[in-house]
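K.L.:
Sequence and predicted structure are below.
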Amino acid sequence: MTSLVIAEHDNAQLKGATLNTVAAAAKIGGDVHVLVAGGGAKAVADEAAGIAGVSKVLLADAPHLADGLAENVAAQVLAIAKDYSHILFPATASGKNVAPRVAAKLDVAQISDISAVDSADTFERPIYAGNAIATVQSADPVKVITVRTTAFDAAAAQGGTAQVETVAAVADSGLSSFVGRDLAKSDRPELAGARAVVSGGRGLGSAENFKILDPLADKLGAALGASRAAVDAGYAPNDWQVGQTGKIVAPQLYVAVGISGAIQHLAGMKDSKVIVAINKDAEAPIFGVADYGLVGDLFTAVPELVKAL
């Protein structure tokens, strides 16, 4: 029994989600291999070889794999899929783009967003916005799985001694082409992997008022997030959205400012280690999951908190 983890990377270094996915694969048992599909990605393969618990790294290197086009990456996975009992992807935008294509071509049911491994064929996954956990058993010969990375502690990035093996890259499918990528540049940590997150909600009232969170995030070295209501109102960019239809986060510290705590938002952050809520409504649902709650005017409370820090 051997599992294949599809590495997420930028051709220069691994994304943290890969380490969490390796940890999930290790819980299944058997050997764990990592596929690095990219262009000029030898450094990534070498980095993956150092992950604790990985026994082999497969490097497929070609220009048409450099931009992670789903059609080409899926074809690369399918080219070696016969050697594996489990194929695991991080449940990120990239993983969710490729995994269903692989599952469909293999004619198996995808097992999505797993949060625990019970055995080699049985997994747990959240349903109903995380309010219930489903236990899913699969009889498929190959299990295609996406992993909720916040549910698994990351594997150690160093300590492994895996070999890097070069595999033949598949031909360009010609089904899509890379046009361009607009990346939001920020000095703050990436939201999905940040150790601290400061999120604002509709209670902030405007995009201008949202800036009140900047000093607090600076003090905490935190990423900035937002509720769906705040994003829909134009207070914050879409890539800040935390929730069922946004990003799933589980930082060491999550500060929710002016967020009521709708189920949609709670599904994306309730696994945070410590949750602090600031809201003027004492009955707000966010206080039901918060470890620390402050009932008061956020426009007074946040500057005072910054001053205290």
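P.N.:
Structure's in. What do you need?

K.L.:
ok now do I127, which residues does it touch?
P.N.:
Taking Cβ atoms under 8 Å, 6 or more residues apart in numbering, we find I127 in contact with 133-134. The way it works is simple: take the backbone N, C-alpha and C, and place the C-beta from them, glycine included.

K.L.:
Quick check: phi and psi at it.
P.N.:
I127 adopts backbone torsions of phi -130, psi 170, taken as degrees, to the nearest 10.

K.L.:
Do a quick rundown of the helices in the stretch 151-300 of the chain.
P.N.:
207-210, 213-220, 228-232, 263-269, 298-308 (DSSP state H, counting those that start in this stretch).

K.L.:
Dump those helices to TSV, plus distance to L19.
P.N.:
Below are these laid out as TSV (distance: least, Cβ to Cβ, whole Å):
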stretch	distance to L19
helix 207-210	32
helix 213-220	23
helix 228-232	28
helix 263-269	20
helix 298-308	32
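
K.L.:
Quick one, which of those helices gets closest to R101.
P.N.:
Taking Cβ to Cβ, helix 263-269 is the member of the helices of the stretch 151-300 of the chain nearest to R101, at 25.3 Å.

K.L.:
And the contacts of the closest one?
P.N.:
With contact meaning Cβ under 8 Å, 6+ apart, helix 263-269 is reached by 126, 129-131, 197, 199, 201, 225, 227-228, 242-250, 254, 256, 259, 275, 285-286, 289.

K.L.:
if you set the cut-off to 7 Å instead, what comes out?
P.N.:
The contact list for helix 263-269, computed with Cβ atoms under 7 Å, 6 or more residues apart in numbering, reads 129-130, 227-228, 242-249, 254, 259, 289.

K.L.:
Can you select the buried ones among those for me in ChimeraX?
P.N.:
To isolate the buried members of these in ChimeraX, using 16 or more other Cβ atoms under 10 Å:
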select :129,130,227,228,242,243,244,246,247,248,249,254,259,289
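
K.L.:
so which of the contacts of helix 263-269 comes closest to G40?
P.N.:
Nearest to G40 among these is K247, at 28.2 Å by Cβ to Cβ.

K.L.:
Correct me if wrong: the closest one contacts L191.
P.N.:
Yes - counting by Cβ atoms under 7 Å, K247 touches L191, with 5.6 Å between them.

K.L.:
Off-centre distance for the helix or strand encompassing L19?
P.N.:
If you go by DSSP states H and E, L19 is part of helix 16-28. Helix 16-28 sits 12 Å away from the centroid of its parent chain (Cα atoms, centre = their mean, to the nearest Å).

K.L.:
And the following helix or strand past that helix, what does it pack against?
P.N.:
Using DSSP H and E, the helix or strand that directly follows helix 16-28 along the chain is strand 31-38. When contacts are defined as 3 or more Cβ pairs under 7 Å, 6 or more residues apart in numbering; DSSP states H and E, strand 31-38 sits against strand 2-6, helix 16-28, helix 42-49, strand 56-61, helix 70-80.

K.L.:
Now do the third one against strand 56-61, angle only.
P.N.:
If I follow you right, that is helix 42-49. In terms of direction (axes from the mean of the first three to the mean of the last three Cα atoms, to 10 degrees), helix 42-49 departs from strand 56-61 by 170 degrees.

K.L.:
And for the first one?
P.N.:
For strand 2-6 and strand 56-61, the angle between their directions (the same axes, to 10 degrees) works out to 40 degrees.

K.L.:
partners of strand 2-6, with directions?
P.N.:
Sheet pairing for strand 2-6, assigned by DSSP bridges, gives strand 31-38 (parallel), strand 86-90 (parallel).

K.L.:
Flag every buried residue along the shortest one.
P.N.:
Read that as strand 86-90. Within strand 86-90, the residues that qualify as buried are 86-90, counting by 16+ other Cβ under 10 Å.

K.L.:
Now render these as CSV, adding distance to A104 and pLDDT.
P.N.:
Shown next, in CSV, are the buried residues of strand 86-90 (distance: Cβ to Cβ, whole Å; pLDDT from 0 to 100):
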residue, distance to A104, pLDDT
H86, 17, 98
I87, 13, 98
L88, 17, 98
F89, 14, 98
P90, 19, 96
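
K.L.:
and I80, how many neighbours?
P.N.:
Other residues near I80 come to 17 when the count uses other Cβ atoms under 10 Å.

K.L.:
Hmm, it is touching V167, no?
P.N.:
Yes - assessed by Cβ under 7 Å, I80 is found in contact with V167 at 6.4 Å.
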